[in-house]
Every structure is written in C-alpha cells, then in structure tokens.
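Q: Got a predicted model here, sequence first, then my questions.
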Amino acid sequence: MVKTQKSSCENLFNLSPHLFDSWEDFTLKGYPKNYPLDSRTFFGVNAMGLISTTAYYLYTAVLMMFITDYSGIYTNVPGKAAAVATTLLFVGRLWDAINDLWTGYLIDISPRTRWGKFKPYVLIGTFFTGILGMMLFHIPQNLSDFGKEVYLYITYFLFMFSATIIVTVPLTSTMSADQEIRAKLISWPRITSNVVGVVFAFFMAIASFLGTKKSPNIPLTVDLIIIPFLIISLIGGFMVKEGPVAEGTKPPKLRDVGRMVKINKPFRVNLYFTFVGGFVWALLTATSLYYIKYAFGVANLGIQSMYFGLLTLVTLIGGTLISQKAMKYMSALRGVQICYLGMVPFLLIMFAINEFQVIHNPWLFYLLIGIVMTLAGAQFVPANLIIMETMDYNRLKLNSGMEATINAVNMFLQKLQSGLATIGVGLALLLVGYNAQILEKATRIPDSLLKSLGVVLFGLPAVFSLVAYLLTKQYPLQGEARTQMYAELAAKTAAASQKNKRV
C-alpha cells in the first residue's frame with residue numbers, strides 16, 4: 001500500500017493528539033486525496049523542473065561552441081570569439097553564484113500568495129528561462145560585433161537570473177515532512193530529467209540534419225527542444241499545489257541569516273560535508289574524458305565517450321532508484337554515510353592499479369568507475385532529504401524555514417566545487433606540460449600524464465569521500481534527536497493552526 005502523508009504524519013504527531021480536531025482539518029483540507037502522491041501533483045513535481053535541466057545543458061554543452069563557431073561574432077578577428085565566449089561564461093558563473101545568494105533571501109521574505117510562496121517564482125522563472133534561452137541563440141545579425149557582444153551579455157545574465165528563481169527544492173519541501181514521501185518526490189524528477197540529457201546527446205546530429213554538417217542550424221534546434229519542455233514545465237508547475245508544511249512561518253529578517261548560521265548546527269555541518277564530498281562528483285566529471293581519451297586511444301574517443309555517457313546515465317538512474325527504496329529502511333544521514341564510505345575502497349583500488357600499471361582496459365575502468373558513480377548517484381536523494389531537514393530545523397528554531405536561502409547556499413557550493421575541480425584538472429595537466437596537439441599525434445602516451453590524471457580522478461576523490469564521511473559524524477539530527485525535533489515541530493505547527501482557526 002502506498003504510504004500517504006496522512007498515515008505517516010499521524011504517527012509522527014501522536015505525542016500531542018489533543019492539539020488536533022482531525023488530521024484532515026489540520027493540513028489536508030483543500031488538498032487532493034493522497035496529496036502529495038496523487039497523480040496530478042506527482043506529475044507536476046516530475047515535470048516542473050525540466051526547463052531547469054534544459055537550461056543547464058544549454059549553457060554547459062552548447063553555448064560555448066555556438067558563440068565561437070556559429071554565432072557570426074568577430075568572424076574576421078582570430079581568437080576574438082573564443083575570448084568573448086570564455087569571458088562571458090566565466091563572468092556569467094560569478095554573476096550566477098552571487099544571484100543564488102541574494103535571490104534566495106528575497107524569495108524567502110516575499111509574502112505568501114494564494115498560490116503559495118515558491119510556486120509563483122517557479123512559474124515566472126520557467127517562462128522567462130524558456131524565452132530568454134531561445135533569444136540567446138537568436139543573435140540579431142544586423143548588429144555590429146560589439147552590439148552582438150552586448151546582446152549576449154544582457155540576454156545571458158537575464159537567462160541565468162531566470163533559471164536561478166526556479167526554486168523546485170524549496171517548493172517540494174513544503175509538501176510533506178515524511179522522509180519516505182520526500183524521497184519519492186525527489187527521486188523521480190531526477191530520473192525524468194535524464195530525458196533532457198538523452199535529447200541533448202543527439203543535439204549536434206539534429207542541428208546538422210536541420211542545417212548542414214558545416215553549418216548546423218543550432219538556433220532552430222534550440223527552439224525545437226525548448227518549446228516542448230517549456231510547455232511541459234509550465235503545465236507541471238500549474239498542476240502542483242504548494243504544501244502545508246511551511247504554513248504559519250514568518251518571513252525572515254536580514255539578521256535571521258546570521259542567526260541561522262549560528263543556531264542551525266545541522267545546516268552548518270551539512271555544508272561542511274556537502275562541500276567536501278561534492279568534490280568527488282565534480283572531479284569525476286571534470287577528469288574522466290581526459291583519462292578515457294589518452295588511456296584508451298585518441299582514435300577511440302568518440303565510441304568510448306559514448307560508452308561513458310551511457311554509463312553515467314545508467315548509474316545515475318540506478319543509484320537514484322536504489323536510494324529511494326533504501327530510504328524506507330534507514331535515515332537520510334545513514335544513506336549519505338554509506339555512499340561516502342562505499343566509494344573509498346573502489347577509488348583507492350583504481351588509484352593503486354593506475355600507479356603500478358595504467359588502466360588500459362576500458363572494461364575494468366568502467367566496472368570500477370561505474371560502482372563509484374552508482375554510489376555517487378545514490379547520494380542524491382538522501383543528500384536532498386538532509387537539506388530539507390535543515391529547513392525543518394529552521395522552522396522550529398527561527399519560525400522560518402528560509403528554504404530558498406538554504407537552497408541558494410547549496411547551489412552556490414555546487415558551482416564553486418565545479419569551478420575548483422576544473423582548476424584541479426588544469427593544474428594536473430600543467431604539471432606534465434600538457435599539449436593536446438602533440439599528444440594527439442604521439443605514438444605513445446607518457447605514463448606521467450595518466451598518473452597525474454589518476455591523482456585527480458581517483459586519489460583526491462578517495463580522500464574527499466573519506467573526510468566527508470568523518471564530517472557526517474558531527475551531524476546532530478541523529479536517532480532520538482531527529483525524532484524529537486519533528487515531534488516539537490508538529491506540536492508547534494498544530495498550535496499555530498489552532499490559533500489561526502480561533503482568529
């Protein structure tokens with residue numbers, strides 16, 4: 001039988017039954033039956049974030065090449081288009097990181113509307129992300145090169161800002177306080193978002209079909225991808241009803257940000273191990289293709305990168321499904337700890353093999369890295385559940401979840417990790433005097449290159465994963481402490497509900 005919010009929360013709140021006339025009157029009045037696992041809400045939760053995933057692939061996988069090769073900007077100045085693209089994306093990432101922090105707070109202090117606090121931002125952000133995403137690839141060709149550059153900066157900055165306010169995690173956190181239900185609400189959107197990844201795997205093939213191999217029609221391809229995902233995301237957003245978990249909380253004041261950092265120990269500790277542990281995935285994704293290219297042969301990069309892409313897709317989906325089921329039997333913290341500790345031996349094995357004899361067998365590499373990536377993928381659900389726990393703790397201690405602010409800080413850390421991981425790969429290549437043109441023509445790849453990459457791909461992630469595991473030991477919401485927190489939060493929420501009824 002599907003576990004509903006009604007049954008799970010009745011058990012959670014049994015310490016104070018006198019506070020309720022009935023559970024339905026307390027929270028579920030006006031909500032669909034079996035909310036939030038009813039078909040309407042469940043579809044909406046799965047669909048509303050698709051445009052965010054589309055935006056991610058656009059600015060990470062397509063935009064750089066579009067600007068340098070197909071935008072028509074500075075075509076008569078060698079290297080200028082590449083400089084524009086590099087500067088735009090670097091400055092844009094800084095802008096995006098800063099946006100995450102201040103927009104999160106602004107969303108938190110926004111008044112609650114009849115649609116809720118977060119749903120309006122999700123809908124507005126979704127609409128403008130889709131429109132600006134298409135505009136980004138339709139540069140007016142009658143502008144001067146400088147005019148095109150200005151157009152790119154304005155459109156890109158607005159595009160990134162719109163994507164920032166699609167706050168799906170804070171919205172989802174309001175739907176239930178039950179871990180098992182939250183796990184389902186988190187895991188399935190993670191799986192459905194891979195549909196976007198599959199589409200982008202064929203992006204250049206579609207663009208070449210719509211244009212030519214020498215002049216692929218990237219703008220039209222972007223339109224054909226964005227429009228359906230935009231429509232589906234908007235439909236999903238409208239179908240979602242913001243939940244009752246955060247009702248009765250007050251908008252935070254600016255000083256509450258400082259109070260949150262001081263009082264909310266779960267938030268602080270989660271930041272510590274999330275920041276350290278996040279480098280595992282960041283380093284894996286930043287380094288793997290370099291290792292595959294030179295360990296398995298430059299000529300085989302096309303087919304091997306396809307294998308690696310499929311492996312990434314399978315392990316992410318598999319890990320997500322495994323962790324969703326596991327959340328029925330363990331706490332979110334235990335799930336994260338198992339993932340961190342489980343990756344360490346396999347990473348150390350790969351590091352040791354690579355030190356003694358470079359891994360030239362792709363199937364051995366894919367077997368071991370696949371186990372690591374499955375564990376990394378399994379971490380997604382419990383890690384997000386812990387983030388939601390820190391929001392719940394905030395509601396208890398500060399009477400404000402500050403959901404958007406907490407979500408923004410975590411997004412900022414992810415972007416910082418990605419940037420620092422790229423620097424780490426660059427240093428590894430610099431230490432061995434990396435020169436792609438020479439290496440691609442070489443008859444033998446020096447072991448020093450692959451061993452240097454092995455340090456970044458296997459050694460450092462093993463260290464980061466072990467340190468992150470040790471840091472999780474300091475997380476305070478374990479066992480009885482976690483149960484007590486939710487009991488106190490239930491009593492506080494019930495009292496506020498009764499007070500509102502009398503008013």
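A: That came through, no problem. Numbers count the residues shown, from 1 in each chain.
Q: that's a helix at M135, yeah?
A: Yes. The assignment for M135 is a helix, going by DSSP: H, G, I helix; E, B strand; the rest coil.
Q: name the element the nearest residue to it once chain neighbours are set aside belongs to?
A: In this structure, M135 finds its nearest non-sequential neighbour in T155, 5.2 Å apart by Cβ to Cβ, 6 or more residues apart in numbering. All C-beta spots, glycine's among them, are computed from the backbone N, C-alpha and C. Assessed by DSSP states H and E, T155 sits inside helix 145-164.
Q: just checking, what packs against that helix?
A: helix 50-57, helix 80-108, helix 119-136 (3 or more Cβ pairs under 8 Å, 6 or more residues apart in numbering; DSSP states H and E).
Q: Please produce CSV containing these, extended by mean pLDDT and mean neighbour count.
A: Formatted as CSV, the helices and strands packed on helix 145-164 follow (pLDDT from 0 to 100; neighbours: other Cβ atoms under 10 Å):
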stretch, mean pLDDT, mean neighbour count
helix 50-57, 90, 22
helix 80-108, 80, 17
helix 119-136, 97, 22
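Q: Turn these into a markdown table, columns for distance to G401.
A: Listed next are the helices and strands packed on helix 145-164 as a markdown table, based on distance: least, Cβ to Cβ, whole Å:
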| stretch | distance to G401 |
| --- | --- |
| helix 50-57 | 21 |
| helix 80-108 | 8 |
| helix 119-136 | 15 |
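Q: nearest to V280, of these?
A: Comparing the helices and strands packed on helix 145-164 against V280 with Cβ to Cβ, the closest turns out to be helix 50-57 (19.4 Å).
Q: Residues contacting the closest one, please?
A: Applying Cβ atoms under 8 Å, 6 or more residues apart in numbering, the external contacts of helix 50-57 come out as 126, 129-130, 133, 159, 163, 166, 168, 192-193, 195-197, 200, 203, 225-226, 229-230, 232-233, 236.
Q: now, which of the residues you listed lie within helices?
A: 126, 129-130, 133, 159, 163, 168, 192, 195-197, 200, 203, 225-226, 229-230, 232-233, 236 (DSSP state H).
Q: Which members of those residues are classed as buried?
A: Among the ones in helices among the contacts of helix 50-57, the ones that count as buried by 16 or more other Cβ atoms under 10 Å are 126, 129-130, 133, 159, 163, 168, 192, 196-197, 200, 203, 225-226, 229-230, 232-233, 236.
Q: Point out where the stretch 151-300 of the chain drops to low pLDDT.
A: 213, 246-249 (pLDDT under 70).
Q: Just the helices from the stretch 351-500 of the chain, written as ranges.
A: Using DSSP state H, counting those that start in this stretch, the helices of the stretch 351-500 of the chain run over residues 362-378, 380-398, 403-431, 436-441, 447-454, 460-472, 480-502.
Q: Going by mean pLDDT, which of those comes out lowest?
A: Sorting the helices of the stretch 351-500 of the chain by mean pLDDT places helix 436-441 lowest, at a mean of 68.
Q: Walk me through the domains of this protein.
A: Here the domain parsing of the chain from automatic domain parsing is 36-247, 254-496.
Q: any chance of the ones you listed in a markdown table, plus distance to G30?
A: Shown next, in a markdown table, are these (distance: least, Cβ to Cβ, whole Å):
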| stretch | distance to G30 |
| --- | --- |
| domain 36-247 | 8 |
| domain 254-496 | 16 |
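Q: Select the longest helix from this protein.
A: helix 265-295.
Q: what packs against it?
A: Using 3+ Cβ pairs under 8 Å, 6+ apart, helix 265-295 sits against helix 254-263, helix 301-326, helix 332-356, helix 362-378, helix 380-398, helix 403-431, helix 447-454, helix 460-472.
Q: What are the buried residues along the second one?
A: Of the residues in helix 301-326, those scored as buried under the neighbour-count criterion (16+ other Cβ under 10 Å) are 301, 304, 307-308, 311-312, 315-324, 326.
Q: Same check on the fifth one?
A: When burial is assessed from 16+ other Cβ under 10 Å, helix 380-398 yields the following buried residues: 380-398.
Q: same deal with the longest one?
A: Neighbour-count burial for helix 403-431 flags 403-414, 417-419, 421, 424-425, 428-429 (criterion: 16+ other Cβ under 10 Å).
Q: re earlier: ok, which of the helices and strands packed on helix 265-295 comes nearest L94?
A: Comparing the helices and strands packed on helix 265-295 by Cβ to Cβ, helix 403-431 comes nearest, at 9.2 Å.
Q: how many degrees apart are that closest one and helix 145-164 in direction?
A: 130 degrees (axes from the mean of the first three to the mean of the last three Cα atoms, to 10 degrees).
Q: Just give me how far helix 403-431 sits from the chain centre.
A: 12 Å (Cα atoms, centre = their mean, to the nearest Å).
Q: what sits against the nearest residue to V240 once chain neighbours are set aside?
A: Spatial nearest neighbour of V240, chain neighbours left out: G44 (3.7 Å); criterion: Cβ to Cβ, 6+ apart. Going by Cβ under 8 Å, 6+ apart, G44 touches 235-240.
Q: Kindly report the same for E488.
A: L396.
Q: Hmm, I386 and A183 touching each other?
A: No. Applying Cβ atoms under 8 Å, one finds A183 not in contact with I386, separated by 11.6 Å.
Q: that older thread, let me know how buried the residue nearest to M135 is, in neighbour terms.
A: For T155, the count of nearby residues is 18 (other Cβ atoms under 10 Å).
Q: And F458, by the same measure?
A: Neighbour count of F458, defined by other Cβ under 10 Å: 27.
Q: can you pull the contacts of it?
A: 347-348, 350-351, 354.
Q: same question, D223
A: 134, 137.
Q: Where does it fall, secondary structure wise?
A: helix 218-239.
Q: quick one: that helix to helix 50-57, angle?
A: 150 degrees.
Q: what's the angle from helix 218-239 to helix 194-201?
A: Going by the same axes, to 10 degrees, helix 218-239 makes 170 degrees with helix 194-201.
Q: With just CA atoms, put helix 218-239 into PDB.
A: Taking Å, rounded to 0.1, in the frame of the first residue of the first chain, the C-alpha atoms of helix 218-239 are listed here in PDB:
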ATOM      1  CA  ILE A 218      21.700  25.500 -33.800                       C
ATOM      2  CA  PRO A 219      19.000  28.200 -33.200                       C
ATOM      3  CA  LEU A 220      16.200  26.200 -34.700                       C
ATOM      4  CA  THR A 221      17.400  23.100 -32.800                       C
ATOM      5  CA  VAL A 222      17.300  25.100 -29.600                       C
ATOM      6  CA  ASP A 223      13.800  26.200 -30.300                       C
ATOM      7  CA  LEU A 224      12.600  22.700 -31.100                       C
ATOM      8  CA  ILE A 225      14.000  21.400 -27.800                       C
ATOM      9  CA  ILE A 226      13.000  24.400 -25.500                       C
ATOM     10  CA  ILE A 227       9.400  24.800 -26.700                       C
ATOM     11  CA  PRO A 228       8.000  21.400 -25.700                       C
ATOM     12  CA  PHE A 229      10.000  21.300 -22.500                       C
ATOM     13  CA  LEU A 230       8.800  24.800 -21.600                       C
ATOM     14  CA  ILE A 231       5.200  23.900 -22.200                       C
ATOM     15  CA  ILE A 232       5.500  20.700 -20.100                       C
ATOM     16  CA  SER A 233       7.300  22.500 -17.300                       C
ATOM     17  CA  LEU A 234       4.600  25.200 -17.200                       C
ATOM     18  CA  ILE A 235       1.800  22.600 -17.100                       C
ATOM     19  CA  GLY A 236       3.700  20.800 -14.400                       C
ATOM     20  CA  GLY A 237       4.100  24.000 -12.400                       C
ATOM     21  CA  PHE A 238       0.400  24.800 -12.600                       C
ATOM     22  CA  MET A 239      -0.600  21.300 -11.500                       C
END
